[in-house]
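**Student:** give me a model of this one.
(2 chains)
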Amino acid sequence: MINAILIFNNHGKPRLIRFYQYFAEELQQQIIRETFHLVSKRDDNVCNFLEGGSLIGGSDYKLIYRHYATLYFVFCVDSSESELGILDLIQVFVETLDKCFENVCELDLIFHMDKVHYILQEVVMGGMVLETNMNEIVAQVELQNRMEKSEGGLSAAPARAVSAVKNMNLPEMPRNINIGDLNIKVPSLSPF
Amino acid sequence: LFSGAARRVGASRRKRRNPAKMPAVSKGDGMRGLAVFISDIRNCKSKEAEIKRINKELANIRSKFKGDKALDGYSKKKYVCKLLFIFLLGHDIDFGHMEAVNLLSSNKYTEKQIGYLFISVLVNSNSELIRLINNAIKNDLSSRNPTFMCLALHCIANVGSREMAEAFAGEIPRILVAGDTMDSVKQSAALCLLRLYKASPDLVLMGEWTSRVVHLLNDQHMGVVTAAISLITCLSQKNPDEFKTCVSLAVSRLSRIVSSASTDLQDYTYYFVPAPWLSCKLLRLLQCYPPPEDGAVKGRLVECLETILNKAQEPPKSKKVQHSNAKNAILFEAISLIIHYDSEPNLLVRACNQLGQFLQHRETNLRYLALESMCTLASSEFSHEAVKTHIETVINALKTERDVSVRQRAADLLYAMCDRSNAKQIVAEMLSYLETADYSIREEMVLKVAILAEKYAVDYSWYVDTILNLIRIAGDYVSEEVWYRVIQIVINRDDVQGYAAKTVFEALQAPACHENMVKVGGYILGEFGNLIAGDPRSSPLVQFNLLHSKFHLCSVPTRALLLSAYIKFINLFPETKATIQEVLRSDSQIRNSDVELQQRAVEYLKLSSIASTDVLATVLEEMPPFPERESSILAKLKKKKGPGVVPVSELEDGKREGGELNGGGDRGPDSSTPSPSADLLGLRSAAPVSAAAPSAGSLLVDVFSESGAGGPAAAVNDDGFLRFVCKNNGVLFENQLLQIGIKSEYRQNLGRMYLFYGNKTSVQFASFSTTVSYPGELQSHILTPLPPVEPLVEGGAQVQQVLNIECITDFSEAPQLNIKFRYGGALQNITLKLPVTINKFFQPTEMAATDFFQRWKQLSQPQQEAQKIFKANHGMDTEVLKAKLLGLGTALLENVDPNPENYVCAGVVQTKSQQVGVLLRLEPNAQAQMYRLTLRSSKDTVSKRLCDLLAEQF
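**Tutor:** Okay, here's the model as predicted:
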């Protein structure tokens, strides 16, 4: 079972938190801090699994994570899950985000937290995996979008507003960061 | 527009070059107010500014919610979304729940959706709102709109409260198996049901649905299979027999996937690997069962496993890491299954070779997983030797891996592969690793070294060297138990005593030596210093001065120990008497502010001056050997002690032996007031523990002192019997004539029971006789010879009988005690069950959480587990529960179960023929006043019997 999914940036700012086991709010924040502390001090080429998150579950649980540019995606899982399987699942989730948002970036996660939740819900439900087929997930998300459009009628104008806001918040020039075989431009975000 | 904001998260840009097919989600829907709020927050220059802005927003939302004007759906949605964002930033949200619930009944999809999201994230299962939420869910489930149904199912699965289970547990299986349910709804229903089953297993009754649920494995839609398999796996773990038809279905599904070409499964092919996630899950499901009995099914499965192993050797179809990840995920699950079956030597050796390749792989993840899997492989008799061939690689990993997670796995594997043939090498490597090991794993490493050194010691000088090295290198991490143990062994083996004395003497020469070294040194020289006193370099005075030079650097307990060593010196070496008396007499000793030290100084000084040499020699005689404890690996792991939980037998030993050694003082061996500080022998270490020792028995008696009277003689008194499962002493039976009390003690597989028959009347009992009978074949399981008893019992008198018990193999029935006597001419005949139960032969076993879970997993075959769910009969007081679990004889392990409400215990049942490791987990549900009790052991009869016995105790 997946107990928690945490996404935070290189500064430890949470971008999405989803717990599938009840924790009081304060403990949730503590877990995020602890996890960030554990994960962020690791080099990029060490292994993607680690034990020792004392707050969630104890030693039957592992943190399985991937680091993409400015964001960490961390899944906290128990021993019933395959470690490599979860790594693939994270990749599926990220690729799905990428498809749904076109060139997904940290800002998309910030301004569309609700969307990210909805996409995640098509992948994981109550801590168990619902679907791994990316096309199927995207199809579900598109269906949601169509329903939203049909009842909304607030499409074009706010979109421009959002993009304007996005562009407003670029305090520095982009710099290049090399991740794996991709050369991606990543400006460092000012923490908030 | 967005080219400047290319803060890319993800990979795979190639596909996205074709945006016509994939319109973006996000661009057209934003809520302007939300976006503005978020960018306001982002522009805050300080934490204070951020908090100020958030508070302003919270006030605004609150007033909007409270305001007279009815909010439209859009505004509600926007505000709820803002609240979610504020929550993400780490601020408590204590309002808005009602508004979210109102959104659920909106007929607009987006409003409903955000309402459900808010509830899933912010509402816990105890909320008072559940009833309102349930209403909305009920409407959506019956709406026949698949999207609404999915939202509702998601909500149930995410909140999963008991009230929800009560409301929907009947409905959801119907949705799951109905012919006209859409695939996406089926998927959600499967996981929803799983969640409810986990939360409230008693409410989810699969009965009639079982077969149709199992057949979801055959569903055409792979997504349905993906979701259903999690449900089926969970149900199979709990009810293996009812779901065993899933084995053949899983095998055929797996076989179809494994043999399909990489394009057959289309969308479910992930980087050229067909359905990797589902394959892994199928292989996991099969691990719930023993190998298939049906030859054809088994053949097909073996074929699959071979194909998977073969594929690992094929050249990769893609250089992407995702490809190899997916392929290896399946491979590792296949290997786990092979290890789980542990019956195909050919496959086991292939698995081992494959893991051997991974040990040297350049991917750190694969090295980590290979080390982890090999650890379980090492315990199989078929592959133990094959695993051992990789020792050099593993040692190298321990030395060179940059990642502590990987090094830890390497250390675990070395421990698992250790046997007599390689123990010296492995222990040496672990010791040298300890010098640089990460702090987080040192204590565990120390324990492992200590255990291996003892287990595989052929010559005890090596053992002594190893432990002293351990203290030298990682003294801070050497727990009391480790140094107690080395002393016990030295005391018991006279061939190593001289060597030990010489070695500690040398070790103490070091200018800075660890306090634990001083303890061991003081103890050993006090006992065996005479063995090296012939050498002028280690003459008595040199020894004494060496020890005393450390005195002022030590803590009080160690000083107390050293004082006892000094008095022992006076006995061993009369020539040191004057010097030592001088030391004892000094103000710093005799007027020491610490009571214990002062008392020792005063008493030892007096003893040395008034006692004759003979008396002194008797009082300070060499320690007698410790009782040998045969310790299994498990029993040794108990050295990692939890707070306050030390096996009673050990404590009692400590008390007695400590008493003898301290005999110079005024405390007799049975002194009931334990010394407040360190004991020379220290087998009981700290004050709280020693306080627990003498009271352990009486505590239990107190806890269990319900009315002792059993009423008039029943044919067989079960009632009394059950009260003795968790305690050893008390009144077994009582009526107007007779009272029978028992006292019993157990060690290893032996027990002794004292029976006290009290005549409550003033009249003599005549022809009093007792016999023990064994129902069934019990006699071959336990042996309890019963000596004859006096035929006359005077009025008011009590007679005593001793029963010696030996546990040959595990057993379920209890022996019966039959008592016959004449009272005033009438023949009385009473038959009682003797409270001899399998748990009496428990040896408690302390272990760390990691070890516990590893063992728990190893005992995952369905027949190894016994489980019961039952109502609490005796209240649910924590202390009472703990006392009962301790009384059971197992060690109660703290900080193991992730849920602090739960209890886990571990122990080894000692029988003459074998030792049976047992793990126990008790999960109280205070709300429902129910317990779930799970036992796992290597022997099915033991799990079952213990489960039956214990289910009556709580």
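
**Student:** what's the residue nearest to residue B:88 when sequence neighbours are not counted sitting at in phi/psi?
**Tutor:** Of all residues not flanking residue B:88 in the chain, residue A:14 sits nearest, at 5.6 Å (C-beta to C-beta, 6 or more residues apart in numbering or on different chains). (C-beta placed from N, C-alpha, C; glycine too.) Here is the backbone geometry of residue A:14 (degrees, to the nearest 10): phi -70, psi 140.

**Student:** what of residue B:843?
**Tutor:** Per degrees, to the nearest 10, the backbone of residue B:843 is at phi -110, psi 120.

**Student:** can you pull the pLDDT of the closest residue to it other than its chain neighbours?
**Tutor:** Of all residues not flanking residue B:843 in the chain, residue B:908 sits nearest, at 4.7 Å (C-beta to C-beta, 6+ apart). Note for residue B:908: predicted pLDDT of 88.

**Student:** over to residue B:908. Which of the three states is it?
**Tutor:** Secondary structure, DSSP: H, G, I helix; E, B strand; the rest coil: residue B:908 is strand.

**Student:** swap in residue B:554?
**Tutor:** What three-state DSSP gives for residue B:554 is coil.

**Student:** residues contacting it?
**Tutor:** Neighbouring residues of residue B:554 by C-beta atoms under 8 Å, 6 or more residues apart in numbering or on different chains: B:515, B:518, B:562.

**Student:** how close does it get to residue B:527?
**Tutor:** Distance of residue B:554 to residue B:527, computed by C-beta to C-beta, to the nearest Å: 19 Å.

**Student:** which parts of stretch A:101-114 are buried?
**Tutor:** A:101-114 (16 or more other C-beta atoms under 10 Å in any protein chain shown).

**Student:** helices along the stretch 451-600 of chain B, start to end?
**Tutor:** B:460-474, B:480-492, B:494-508, B:515-528, B:540-551, B:556-572, B:577-585, B:587-590, B:595-610 (DSSP state H, counting those that start in this stretch).

**Student:** make CSV out of those helices and add mean pLDDT, mean neighbour count and distance to chain A.
**Tutor:** Formatted as CSV, the helices of the stretch 451-600 of chain B follow (pLDDT from 0 to 100; neighbours: other C-beta atoms under 10 Å in any protein chain shown; distance: least, C-beta to the nearest C-beta, whole Å):
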stretch, mean pLDDT, mean neighbour count, distance to chain A
helix B:460-474, 89, 22, 20
helix B:480-492, 84, 21, 21
helix B:494-508, 92, 20, 34
helix B:515-528, 93, 25, 27
helix B:540-551, 93, 18, 37
helix B:556-572, 92, 24, 30
helix B:577-585, 91, 16, 47
helix B:587-590, 87, 14, 44
helix B:595-610, 91, 18, 36
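
**Student:** could I get the ones you listed as CSV with distance to residue B:731?
**Tutor:** CSV is the format used below for these (distance: least, C-beta to C-beta, whole Å):
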stretch, distance to residue B:731
helix B:460-474, 47
helix B:480-492, 37
helix B:494-508, 46
helix B:515-528, 43
helix B:540-551, 52
helix B:556-572, 41
helix B:577-585, 50
helix B:587-590, 50
helix B:595-610, 40
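
**Student:** closest one to residue B:942 among those?
**Tutor:** helix B:480-492 (26.8 Å; C-beta to C-beta).

**Student:** any idea how far the closest one is from the chain center?
**Tutor:** Helix B:480-492 sits 26 Å away from the centroid of its parent chain (C-alpha atoms, centre = their mean, to the nearest Å).

**Student:** so what does it touch, helix or strand wise?
**Tutor:** helix B:439-455, helix B:460-474, helix B:494-508, helix B:515-528 (3 or more C-beta pairs under 8 Å, 6 or more residues apart in numbering or on different chains; DSSP states H and E).
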